[in-house]
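Peer 1: 3D, please:
(one chain, ligands or ions: 1)
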Amino acid sequence: SQRLSARLAQARPSATGAASEAARRLAAQGRNIISLAEGELDFDTPDHIQQAAIKAITEGQTRYTSVGGTAALKAAIVTKFARDNRLDYQIGEVIAATGAKQILFNALLATVDAGDEVIMAAPYWVSYSEMVRIAGGEPVVLPTSPEQDFKLTPQQLQAAITPRTRWLMLNSPCNPSGALYSMDELRALADVLRPHEQIMVLADDIYEAIVFDGVFCTFAEAAPDLQARTLTVNGVSKSHAMTGWRLGYAGGPQWLIRALELLQSQSTSNPSSISQAGALAALTGPQDFLDGWRERLRARRDMALSILADAAPWLSVRKPAAAFYLYADCQAALGAITPQGQRLNDDWALAAWLLEEAGVSVVPGSAFGMTGYLRLAYATADERLRLACEQIVNACQRLR
Ligand code: PLP
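Peer 2: Numbering: from 1, shown residues only. This next block holds a predicted model:
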C-alpha cells in the first residue's frame, strides 16, 4: 500500500527545507544557530498592507472569490505590469495564485507532456527541476560559470534546443546566484528562441524589486513580439515581505491563463481572500519604502562580503548584482581537513560542518544544480548577519 505514483517517485525533497530542518534540530537542542538558509526578508510586512488585510477580515471579505483572483486585484496586476514593466496585459491575461510557486508548477503541469524538455541554467532555484519532473518532463540543465556571471549565453541556449523543447525557465534576478540579465542579453536569447515556435518562456521575476547594480528588465519587455509566448511570473513574497501570505501572480496569453485557472479551480480554488486584499494594497499603495529596504540590503550585502573576504582561500565570494543571496565558491575547501580530522568531500559536508562548527546554517550549492558552492541568504538582521559571517570565517580559518 505504501506506493508512490511514478510521478512523485521522480521528485526529490527540497534541499532548502532539509537545511532549515537540520538547523531547527540543533536549535531545539539549545544551540544558538543563525540561519542564512531562509529565502525571505526579515522585515515586517508594511503596516498599510497589514491594515488592509485586517479590514478585509472585519468587513467580511472572507468568502470564496473568483478562482483567478478578485476583479480589483486583477486590475491592480494589469496596472502593475504596465507601470513597472511597460507590458500591456488585458484582464483575461492575468491571474493571482497561492504564491508564484503555484503558478510555476501549474504552468508546467498544464503544458508539459512526458518527455518534453525544459531548459534552465544552473544554478537554478531548487524547485525548478523537481517541478518539471513531477509534470513528467525532462529538465535540461545548462551549467553556467562565474566568468559568464552565471548567465546563460545564446550559444548555450541554441545548442540545447531540440524539437522536444517546451520551455526556457528564466530567473532574473536569479536565486541563488543574484545574476541579473540586461535587456540586450534578453534580446540575444530571444533571437535564438524566435524561430522555434513551440518554445515558451517562463520569466520568473520574483526578485524584481531587489536590484542593486544594473536595471531590471523582464523578458517580454525585451522581446515584445514574444509576449504571446511568455508567462511573466511575479508575486509579493519578496517585494513586500509577504512570503507567508502566499500570493503570486502572472501575465500571459489567454489560453494559458485559462489553463492555470482550470487547474486552480479543480485543486486549490482562489488564493486566500485576505491575502488578495493585502496584495491589492501592496500593488496599489506606496512603493517608496522599497528604496529604504534596498539600501539596508545593499549595506548587508557589502558587510557580509567584506567579512567573508577573510574566509579566503577557502571561500571566494563574488558581489551579486541583485536578490539577497551570496553564492560562495567553496571549491578550495573541498578536500580540506577539519580540526576534528574529518575530510570535507563536498559542499553538503562543508555545510553540515559549518552548522556544527560555526552554528550557521547555509544551503549547499548542489541543491541548485551546481556543486562546489554555498548559498548564504543575507536578509537577516544586521548583528546576527555580522556574527554569522564572523563565525564562518573563524571556522574556515581552522581548516587545513
Ligand atoms: N521563484 C524563485 C526564484 C524563488 O526563489 C521563490 C521563493 O523562494 C519563488 C519563485 C516562490 O515565491 P512564492 O513565495 O511567491 O511562491
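Peer 1: any idea which element residue 203 lies in?
Peer 2: strand 200-204 (DSSP states H and E).
Peer 1: list the strands paired with that strand, with their directions.
Peer 2: Strand 200-204 has the following sheet partners, assigned by DSSP bridges: strand 165-171 (parallel), strand 230-235 (parallel).
Peer 1: so which residue is dead centre in the chain?
Peer 2: Centroid-nearest residue in the chain: residue 175, 4.7 Å away (criterion: CA atoms, centre = their mean).
Peer 1: thinking again about what came up before, next, format the strands paired with strand 200-204 as TSV and append mean neighbour count.
Peer 2: Using the backbone N, CA and C atoms, a C-beta is placed for each residue, glycine as well. Listed next are the strands paired with strand 200-204 as TSV, based on neighbours: other CB atoms under 10 Å:
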stretch	mean neighbour count
strand 165-171	24
strand 230-235	27
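Peer 1: one step back: export the strand holding residue 203 as CSV, just CAs?
Peer 2: Only the C-alpha atoms of strand 200-204 are listed here, as CSV (Å, rounded to 0.1, in the frame of the first residue of the first chain):
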residue,chain,number,x,y,z
MET,A,200,7.6,29.2,-24.4
VAL,A,201,9.5,31.4,-21.9
LEU,A,202,8.8,31.4,-18.2
ALA,A,203,10.1,34.6,-16.8
ASP,A,204,10.3,34.3,-13.0
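Peer 1: the helix or strand following that strand: which residues count as buried?
Peer 2: Per DSSP H and E, the first helix or strand lying C-terminal to strand 200-204 is helix 219-222. For helix 219-222, a neighbour-count test (16 or more other CB atoms under 10 Å) marks 219-222 as buried.
Peer 1: what's helix 219-222 packed up against?
Peer 2: helix 183-193, strand 200-204, strand 230-235 (3 or more CB pairs under 8 Å, 6 or more residues apart in numbering; DSSP states H and E).
Peer 1: figure out which of those is closest to the ligand.
Peer 2: Closest approach to the ligand among those is made by strand 230-235 (3.5 Å; CB to the nearest ligand atom).
Peer 1: so what's residue 82 up against?
Peer 2: 88-89 (CB atoms under 8 Å, 6 or more residues apart in numbering).
Peer 1: for it, phi and psi?
Peer 2: Main-chain dihedrals, residue 82, degrees, to the nearest 10: phi -70, psi -40.
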